[in-house]
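1. Below is the structure, and that's it, no one-letter string:
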Ligand SMILES: C[S@@+](CC[C@H](N)C(=O)[O-])C[C@H]1O[C@@H](n2cnc3c(N)ncnc32)[C@H](O)[C@@H]1O
């Protein structure tokens, strides 16, 4: 195994926990409902879906957020592919992804397709039905190299205390620089330094009710200059 691989242990046999970051990949309560609350509702989705819509994500992990967005996109009646670009420095193996995603039968039909494409190529070039790309490597280096603007961001690093590099000021500046005016970002955390970094990157930041036991989360709107 290369040193850049995900390092996992399993809680209750089914929840992947990163031993590198000492943090679970998704909510211990209900990962799919958390995704819907934080990342879909937090970005006012599916209401904003429209042809060409582009979601970007920091931290691809198990791909659960992609699956939830893909399912919501199709359920909303869109008939062109959703564009979804995610960043991942420590990709997991296809078998690990498959094991993690068995916890979510609601997205099983999409999970099979994702895992199959992931086993072939972790950048997801072979995945059909969604215009997905995973940019492998440290997002602090790779985001600056992108030449698109996203409509909505899923900011999903491990907790800011344990994975501060995925929330740092320069990276949040890059998130702002890669967001359309009127675009949004959402994250499960309400950590003060994350909110400040987003504000300094040109977002109007709002603290709203969090998911489950988390009291607050953050949504952000890219303001016109
Ligand atoms: C909470 S998990 C993401 C969960 C994921 N969105 C899902 O749906 O399963 C955080 C992810 O960020 C990745 N990560 C941590 N630091 C990173 C960095 N500097 N650049 C890119 N990815 C990073 C981790 O490897 C991990 O996969």
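-> Great, that's in hand. Quick caveat: nothing in here was measured; it's all calculated off a predicted structure.
2. who in the chain is up against the ligand?
-> For the chain, the residues in contact with the ligand under the definition Cβ under 6 Å from any ligand atom are 6, 25-26, 59-65, 87-90, 138-140, 156-158, 163, 165-166. Backbone N, C-alpha and C define where each C-beta goes, glycine included.
3. Please repeat the previous calculation with a cut-off of 5 Å.
-> Taking Cβ under 5 Å from any ligand atom as the criterion, the chain approaches the ligand at residues 25, 59, 61-62, 64-65, 87-90, 138-139, 156-158, 165-166.
4. Pull out the buried members of those.
-> Under a neighbour-count criterion of 16 or more other Cβ atoms under 10 Å, the subset of those counted as buried comprises 25, 59, 61-62, 64-65, 87-90, 138-139, 156-158, 166.
5. Just the closest of the residues you listed to residue 121, please.
-> Nearest to residue 121 among these is residue 88, at 13.1 Å by Cβ to Cβ.
6. what's the helix or strand bottoming out on mean pLDDT in the chain packed up against?
-> Between all helices and strands in the chain, the lowest mean by mean pLDDT, DSSP states H and E belongs to helix 31-35, at a mean of 93. Helix 31-35 sits against helix 64-75, with contacts defined as 3 or more Cβ pairs under 8 Å, 6 or more residues apart in numbering; DSSP states H and E.
7. what's the following helix or strand after the helix it packs on?
-> Proceeding N to C from helix 64-75, the next assigned helix or strand is strand 83-88, under DSSP states H and E.
8. Buried ones in the next helix or strand after that next one, by neighbour count?
-> Moving toward the C-terminus from strand 83-88, the first helix or strand encountered (DSSP H and E) is helix 94-101. Applying a neighbour-count criterion of 16+ other Cβ under 10 Å, one finds 94, 96, 97, 98, 99, 100, 101 buried in helix 94-101.
9. Give me the contacts around helix 94-101.
-> Contacts of helix 94-101 from elsewhere in the structure, counted by Cβ atoms under 8 Å, 6 or more residues apart in numbering, are 6, 8, 10, 14-16, 25, 62-64, 67, 92, 107-108, 111, 114-115, 118-119.
10. Quick one: low-confidence residue ranges for the protein.
-> Along the chain, the model assigns pLDDT under 70 to residues 1-2, 28.
11. where do the helices sit along it?
-> Taking DSSP state H as the test, the helices found in the chain are 31-35, 64-75, 94-101, 108-120, 139-142, 169-177, 192-200.
12. Check which helices and strands the last one sits against.
-> With contacts defined as 3+ Cβ pairs under 8 Å, 6+ apart, the secondary structure elements packing on helix 192-200 are helix 169-177, strand 203-209, strand 216-222.
13. Name the stretch among those that sits most buried.
-> Mean neighbour count (mean count of other Cβ atoms under 10 Å) peaks for strand 216-222 among the helices and strands packed on helix 192-200, with a mean of 21.
14. I would like the residues contacting that strand, please.
-> Applying Cβ under 8 Å, 6+ apart, the set of residues contacting strand 216-222 from outside is 37-38, 42-43, 176, 179-190, 194-195, 198, 202-211.
15. Would you mind checking those for buried ones?
-> When the contacts of strand 216-222 are checked against 16+ other Cβ under 10 Å, the ones flagged as buried are 37-38, 42-43, 176, 179, 183-190, 194-195, 198, 202-203, 205, 210-211.
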